[in-house]
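Sharing a model that was predicted from the sequence below.
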Amino acid sequence: MALVVTLLLPWIYFMGYAYDWGYLESFSINNQMFFRAPQEYFGLAFVVFIEVITKIINAIPDGLILLIFLTITVSAIIFFSFIYWLRQTKKWPRIYLRLSNWKWRNRGKVTMTFVNIVATPAYLISTIPIMMLAGLAYLFLIILLPAQIGFSAGKENAEELKRNWHPDKCTVANLTDGCTQIIESGNPIAAGILIAASDKLIALFDGSSVQIYTLNNRDIKTSIHN
């Protein structure tokens, strides 16, 4: 489990980072302006994962989903019933003992054969292309593929936000649910959809473009309920 989690961490991180990158780029914002903590990128990756799974499930007919569920359930019942039968009939200890004896008898032979093969120069030379291909495959699967998935999801969500925009959604006089105001000296000076924020900057989408404001001596108010 620790090995699996370790191998998945770069995959999850790059997906979340690429999502943020694609989302901000759709609003013509450089993602370097708004740094996020690593846990935020992991959270964004989880959002992307849920969206991908939802799309896959929606693309599968309901009858096929039910068939897959029943197949997995019946297979699990058969598998665990078979294991239970082996234990109850005392066949499992015998099988395990035979496998253990075979392993101990052949381990020395297999190890020496492996060492003799690996130690030859011909083997080492022949494995270089394979290792290079494996490295490229790792680069694609762990970095490029999740980055592409996250980047596309970020741009798609940004474009959906733009499509659902209407002029009176977020104004200084009419702050609807999900909108953010910037308040200076007790008076609202700007309003819009919160796109990104840091300790010093905040980016708001006003329907046509994104405006970036400084937060010096300014407060932020986000409407949660209409």
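Here it is on my side, so go on.

And the pLDDT for Phe34?
Note for Phe34: predicted pLDDT of 85.

Equivalent analysis for Asn226, please.
Taking Asn226 on its own, its pLDDT is 46.

can you check Trp104 too?
Looking at Trp104, its pLDDT reads 60.

How about the one 4 residues further on?
At Gly108, the pLDDT value in this model is 54.

low pLDDT regions in the chain?
5, 86-87, 89-126, 139, 142-143, 167, 224-226 (pLDDT under 70).

who's in contact with the helix or strand hosting Ala191?
For Ala191, the host element (DSSP states H and E) is strand 187-197. With contacts defined as Cβ atoms under 8 Å, 6 or more residues apart in numbering, strand 187-197 is touched by 23-24, 27, 29, 33-34, 161, 165, 169-172, 175, 178-183, 202-207, 210-211, 213, 218, 220-222. Using the backbone N, CA and C atoms, a C-beta is placed for each residue, glycine as well.

what's around Tyr23, how many residues?
Counted with other Cβ atoms under 10 Å, residues neighbouring Tyr23 total 24.

now Ile202, what's its secondary structure?
Per DSSP: H, G, I helix; E, B strand; the rest coil, the secondary structure class of Ile202 is strand.

For the spatially most central residue of the chain, which non-adjacent residue is closest in space?
Nearest to the mean C-alpha position of the chain, by Cα atoms, centre = their mean, lies Ala45 at 3.2 Å. In space, Ala45 comes closest to Gly16 once its chain neighbours are excluded; the distance is 3.6 Å by Cβ to Cβ, 6 or more residues apart in numbering.

my read is that neighbour is in a helix, agree?
Yes - counting by three-state DSSP, one finds Gly16 located in a helix.

residues near it, how many?
When neighbours are defined as other Cβ under 10 Å, Gly16 has 27 of them.

Please apply the same query to Ile220.
Neighbours of Ile220 (other Cβ under 10 Å): 14.

Quickly list what it is bridged to.
Ile182 (DSSP bridges).

right, and it touches Thr180 too?
Yes - the criterion here is Cβ atoms under 8 Å, and Ile220 meets it with Thr180 at 6.1 Å.

Now do the shared contacts for these two.
Ile202.
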